[in-house]
Every structure is written in structure tokens, then in C-alpha cells.
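> I'll drop the sequence and a predicted model, then ask my questions.
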Amino acid sequence: MNPFQQPTIIVLLLAAFLDYLIGDPKNWLHPVQVMGWVINKVTNKIICRYEGKNARRLGGIFLGASLTISSALITWLLVLGAESINYYFSICLQIILLASCFAGKSLRRAVGEVLEPLQEKNLATARTTLSYYVGRDTQDLGGEEISRALLETVAENTPDGVTATLFYALWGAFLSIGPVPLAFAYKAISTLDSMVGYRREPYTHIGWFSARCEDYLTWLPCRLTVLTLALISGKPRETLRICLRDAPKDPSPNSGWSESAYAAILGVQLGGVNTYKGVVREKPLLGDPINAITPEAIEKALQLTRYCFLLWLILGVLIMTSH
């Protein structure tokens, strides 16, 4: 093994462990918060100054490209600067930065905050808490719909929030750039998509570039996630059969695949009618309604996400150690 790869392996392993153990401490400034502040500021300026489609689209391209590139460049320079001060300081900084990109603990925490009152039959609290994490209207949701929303949240966020970030961190490690810059670049485009990547005004044209980039950058990690989930489920042929049958129905090039995979493995059905800001939208049905969506099914989905992440991490480390 190349001795220069040892620090990278340490960074990857300890960042994953730190995320699993602590996640994102509350009341700490998070890099995504800084990205969100920049996105809000620039987006508001584009909306105020430009009205035409082309002008807003160019503004959105500038926002998406500049934030993504600067996120990678700034973190790369931070790591270089830390190395010039102290080797171990650089390692610690990389571990903290990379752990902030991994969202495994955050996903489990968010689901748990809704699942706990739901199990206690406190639907009012469950609805209110769920509204912090999903875009759909939650005020009239019953227990079954809250459970479906939770499982869909796990399925949607596993590729873009958990495995894709690790995918790009590993690629950064293989390319000797380091795991942090590419992980931050992907995190930037993912944050942009979640904030401005909507097909409604005033984001239709501003968010076009970011949404397309996120779709393309998540495409391969999403398919690899689905394949990994199918393999560790113990029923790969059945899982892939349902994914091939149902995923193309979804207008999203990625979330339909991940949702279909979880639905197939758990024997549940996702999709159906949702309401967004009072507008009713019907998503395609994914999977077969063999089982009800229970808290146990949601916990199993989180477990599948964790196993997928760990398998990728172990494989990545093994590949690095073999060269």
C-alpha cells in the first residue's frame, strides 16, 4: 500500500465513525448552513434584478457553478493550510469536515424525532416535526401517511444524502485530491437542488442548472446504491425486478429507483397522493402493498442504509490498501 494513502484511510474511517457517534452537534455552525446563506442571498438578488427566463437561467448557472467550485476549492485550501501548520491538525480538520458531509446520523435523528411521537399516538407532534423535514403538507396526515412519508424520506435521502457523498469522497481519495473537496462539491450541488431545484416560480429557471447537475451527479451512485441494497437484501432478483418495473414511472431520474428498492425489499408500497402548498399531486405507486409500513419497517430501512454505507466504506478501504 502507498504510505501516503494511510492518512486518507484514517480520515475516511474516523469521519464515518464520528458521524455515526455524534452527527451534527446542535447549535454548531454547519457548512451546509453557510451554503444555504449564500444560496439565499444570491437567489434573492437574481429574483430582484432579473425577470427574464434567460437572465435568471444564467444567474442560476453562475450560482450553481460558483458555489460548487468554491466549496471544493476552499476546503482544499483549508486542508493545505492546515498541513503547513501541523500534520495532525490537518488530519483532524479533514475528519471533522468530512463527517459534516455524511448525513447518516442526521437522517436517523430526523426519522426518530417523528417516529417517537408517532408510536405514542401523538399525531399532532408527529405532523409538526415531520413538516421540518419534508416538502409536503403534513397538517392533515394520518398515521399511515406519516409512516409512508418517513420511509420515502429514508429512501430519497439515502442516495443523495448518504451514499453519493461517500462515493465522491472515495473518488477524491482515489484521485489523490483527498476525500474532502469532492464531498463538499457534491454537498453544495445537493444543497442547491434542495433549495432552488423546483419546477415552480421563482425557481423554475434559477434552479434549472443545479437540478440537472444533481440529477447527473447522483445517477451512478443511486444505481450502485440500488444494486447494493438488492444484494444485501437477500432477494436481489425480486428487488431488481420491481425496480425495473416501477422506477421508470417516477419523473425523478433517481428517487424512483431508490424508493422502488426499499419498497421491494420491505414488501410495501410507496407513492400516491401528496399535497404541496395546497396543490394535490399524485406520484406513481412503487412496490406492492404486501405489508403495512410499520415503525419496524422504517427501522429496517435505516439499517439497510447503514449497511450499504459501511459496505462501500469497507470496499473503498480494501481497494486503497491493495494498491
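Looks like it came in fine. Residues are numbered from 1 along each chain as shown.
> what segments of the stretch 201-323 of the chain are helices?
Using DSSP state H, counting those that start in this stretch, the helices of the stretch 201-323 of the chain run over residues 208-233, 236-246, 255-266, 295-321.
> ok, and the closest non-adjacent residue to the residue nearest the centre of the chain?
When CA atoms, centre = their mean is applied to the chain, the residue found nearest the centroid is residue 161 (1.5 Å). Spatial nearest neighbour of residue 161, chain neighbours left out: residue 103 (4.1 Å); criterion: CB to CB, 6 or more residues apart in numbering. (Glycine included, C-beta is placed from N, CA and C.)
> now that neighbour: how far from residue 251?
24 Å (CB to CB, to the nearest Å).
> same check on residue 152?
Residue 152 is 15 Å from residue 251, by CB to CB.
> quick one: which of the two has more around it?
residue 152 (25 against 10; other CB atoms under 10 Å).
> surely the more buried one touches residue 259?
Yes - Residue 152 is within contact range of residue 259, at 6.1 Å (criterion: CB atoms under 8 Å).
> shared neighbours of those two, anything?
Residues touching both residue 152 and residue 259 (CB atoms under 8 Å, 6 or more residues apart in numbering) are residue 270.
> show me where the stretch 1-150 of the chain has its helices.
So, for the stretch 1-150 of the chain - with DSSP H, counting those that start in this stretch - the helices run 6-21, 31-49, 53-85, 87-101, 104-119, 123-131, 143-157.
> list the buried residues of the fourth one.
Along helix 87-101, the positions that meet the burial threshold by neighbour count (16 or more other CB atoms under 10 Å) are 90-91, 93-95, 97-101.
> poorly predicted segments of the protein, please.
Applying pLDDT under 70 to the chain flags residues 1-5, 323.
> and which of the buried residues of helix 87-101 is nearest residue 308?
Of all those, residue 308 sits closest to residue 101, with 16.4 Å by CB to CB.
> check contacts around that closest one.
31, 165, 169, 180, 183-184, 186-187.
> ok, it to residue 13 distance?
15 Å.
> gap between residue 300 and residue 265?
For residue 300 relative to residue 265 (CB to CB), the value is 8 Å.
> who's more crowded, the two?
Between residue 300 and residue 265, counting by other CB under 10 Å, residue 265 is the more crowded of the two (23 against 17).
> next up, the contacts around that one.
Counted by CB under 8 Å, 6+ apart, residue 265 has contacts 229-230, 233, 235, 239, 304.
> state the pair within the residues you listed that is farthest apart.
It's 235 and 304 that sit farthest apart of the contacts of residue 265, by CB to CB, at 12.4 Å.
> the more surrounded of these two?
Counted by other CB under 10 Å, residue 235 and residue 304 do not tie: residue 304 has more neighbours, with 22 against 14.
> so who does that one touch?
229, 232-233, 262, 265.
> output those as CSV; include the columns distance to residue 275.
Compiled in CSV, these are given as follows (distance: CB to CB, whole Å):
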residue, distance to residue 275
229, 29
232, 34
233, 32
262, 22
265, 28
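> most neighbours of all the residues you listed, which one?
residue 262 (29 neighbours).
> and the gap between it and residue 118?
Distance from residue 262 to residue 118, by CB to CB: 18 Å.
> got it, and residue 294?
10 Å.
> neighbour count for these two, which is higher?
When neighbours are counted by other CB under 10 Å, residue 118 comes out ahead of the other of residue 294 and residue 118, with 21 against 15.
> wait, isn't the more buried one in contact with residue 142?
No - assessed by CB under 8 Å, residue 118 is found out of contact with residue 142, at 10.4 Å.
> quick check: bridge partners of the nearest residue to residue 152 once chain neighbours are set aside?
Spatial nearest neighbour of residue 152, chain neighbours left out: residue 270 (5.5 Å); criterion: CB to CB, 6+ apart. Under the criterion DSSP bridges, residue 270 forms beta bridges with residue 286.
> sweet, I'm off.
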